[in-house]
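> this is a predicted model, with the sequence first.
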Amino acid sequence: MSTLEKPSIEKTPRRKPRFWPILLLVVIASGGILAWNTLPWRSTISTDDAFLEGHIIQISPRVDGRILKVHISENQMVQAGERLAEIDPRDFQVRVTQAQAALSLAQAKLQAALTNVELTRTTTSAAVDQAKAEVLEAQSKVAQAQSEVIAAEAEAKRATADRARYEKLDDLSVSKQQKDVVRKTADAAEAELEAARKFIAVAEAGVSAAKGKLAAANAAPFQVAVSRTEVNRNQAEIAQAQAVLDEAELELSYTQITAPEAGIITRKSVEPGNYVKTGQQLMAIVPTEMWVVANFKETQLKELRVGQPVRIYIDAYPNRVFNGHVQSLQSGSGARFSLLPPENATGNYVKVVQRVPVKITFDEQPDPEHYHLGPGMSVVPEVMVR
């Protein structure tokens, strides 16, 4: 070999990449998924007679009045407690003010009645003691008058005897002047006796008057009872006035129409200046919570069970699958609870396969910011029965 020649180097041929194992894995996986969904243990039943359902809250005023302000617009999202509209509150505020005044008046009457009860109770004991003292004083005057009558009777008897004795004496034994003195003394004694007897009558009348005062003082507890009755009546008036005030304040609060639950405003039919009446429908709120009512044929019920998983296809979003489960089955067909249920006992009978409403709930409620859903929208549920 010449030194100028270079040794030849053999090149190893490259191996071409083999894609068939990956392709085989893809085919096997696809076949497995297809088999899982089509084999008997993964069979499904579905119906196109299914719709979204949800609560529809009708908003109505609870008092009559003129709409002052409307704070929302059609299709607006509102939160629970948010103000929707206002009714002119001035008439209701006047009623609250009147009820407050009536309550204050009733409270003042009660305070006066309580004061009267305390005053009557305080003066009762003193009045009784004073009346007893007056009775004793009058009785002592009667006793004094009786003693004076006795003394006057004795003096009159003595003076009468002296006069009789002097009248029997002749003018030579007793002077005329002495006889006159005896006569005057006897007349004065009789006059004093008569005055003493009259004083007894006056003293006895004083006893009767004092006993009358004592009886009136002893009747004071009855006056306390009467005063307490007045207190009870005033307390009842306060309770009544408080109830009227509560009602007036409640009606005043009804002038603020608020959302009972979060949701979307629909069918708004009220504007500022409208006069509305109690129970009149002003708008509706549709909460975001939805479920599906699927009307399955009665021949499909043998495979339906509560809790079975469901794939939910909504016509408005055909490329999105929502997951749910069977929540309950209605006891009876939909036709039986319709406005005019069929009367199968009359006329010619034709057997028709009935449909039974089945409630299907979402495992996770659709996000209202991404999916605009509402009651009545069409869906197709697929229930995985095995």
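Now that the structure is in, tell me what you want to look at.
> surely Gly263 is in contact with Thr288?
Yes: the criterion here is CB atoms under 8 Å, and Gly263 meets it with Thr288 at 6.4 Å. Every C-beta, even on glycine, is put in place using the N, C-alpha and C of the backbone.
> so these two - more neighbours on which side?
The neighbour comparison of Gly263 against Thr288 (other CB atoms under 10 Å) goes to Gly263, with 23 against 19.
> from Ile285, how far out is the more buried one?
4 Å (CB to CB, to the nearest Å).
> mind listing the shared neighbours of those two?
Ile57, Val78 (CB atoms under 8 Å, 6 or more residues apart in numbering).
> what residues does Gly376 make contact with?
Counting by CB under 8 Å, 6+ apart, Gly376 has contacts Phe51, Leu52, Glu53.
> okay, buried residues for the helix or strand hosting Thr229 please.
For Thr229, the host element (DSSP states H and E) is helix 220-253. Using 16 or more other CB atoms under 10 Å as the test for burial, helix 220-253 gives 220, 223-224, 227-228, 230-231, 234-235, 237-238, 241, 244-245, 248-249, 251-252.
> state the mean pLDDT of it.
Helix 220-253 shows a mean pLDDT of 86.
> any idea which helix or strand comes after that helix?
Next element after helix 220-253 (DSSP H and E): strand 256-258.
> check which helices and strands that next one is in contact with.
Judged by 3 or more CB pairs under 8 Å, 6 or more residues apart in numbering; DSSP states H and E, strand 256-258 is in contact with strand 83-87.
> avg pLDDT for the strand it packs on?
Averaging pLDDT along strand 83-87 gives 97.
> buried residues in it?
Leu84, Ala85, Glu86, Ile87.
> residues contacting the last one?
Applying CB under 8 Å, 6+ apart, one finds that Ile87 lies in contact with Pro61, Val63, Gly65, Arg66, Ile67, Leu68, Tyr254, Thr255, Gln256, Ile257, Val276.
> can you get me a residue count around the fifth one?
Other residues within reach of Ile67 by the criterion other CB under 10 Å amount to 20.
> can you check the third one too?
For Gly65, the count of nearby residues is 21 (other CB under 10 Å).
> one more: the fourth one?
The number of residues packed near Arg66 is 13, by other CB under 10 Å.
> ditto for Phe51
Using other CB under 10 Å: Phe51 sits among 14 other residues.
> next one: Glu204
A count of neighbours around Glu204, defined by other CB under 10 Å, yields 16.
> and the nearest residue to it once chain neighbours are set aside, what helix or strand is that in?
Using CB to CB, 6 or more residues apart in numbering and skipping residues adjacent in sequence, the residue nearest Glu204 is Val142, 5.6 Å away. Assigned by DSSP H and E, Val142 belongs to helix 90-168.
> return the distance of the most centrally placed residue in the chain relative to Leu252.
Geometric centre of the chain, nearest residue: Asp246, 8.9 Å, by CA atoms, centre = their mean. Counting by CB to CB, the gap from Asp246 to Leu252 is 11 Å.
> ditto for Asn232
Here Asn232 is placed at a distance of 31 Å from Leu252 (CB to CB).
> could I have the ChimeraX command that selects the buried members from the contacts of Ile87?
Selection command for ChimeraX covering only the buried members of the contacts of Ile87, criterion 16+ other CB under 10 Å:
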select :61,63,65,67,254,255,257,276
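> mind putting the contacts of Ile87 into CSV with distance to Val78?
As requested, those are exported to CSV (distance: CB to CB, whole Å):
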residue, distance to Val78
Pro61, 17
Val63, 21
Gly65, 21
Arg66, 22
Ile67, 17
Leu68, 18
Tyr254, 18
Thr255, 18
Gln256, 14
Ile257, 11
Val276, 19
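> His372: which of the contacts of Ile87 is nearest?
Ile257 (25.6 Å; CB to CB).
> that closest one bridge partners, please.
Each beta-bridge partner of Ile257 is listed here: Ala85, as defined by DSSP bridges.
> go ahead and confirm Leu110 touches Arg233.
No: look at Leu110 against Arg233 with CB under 8 Å: they stay out of range, at 9.1 Å.
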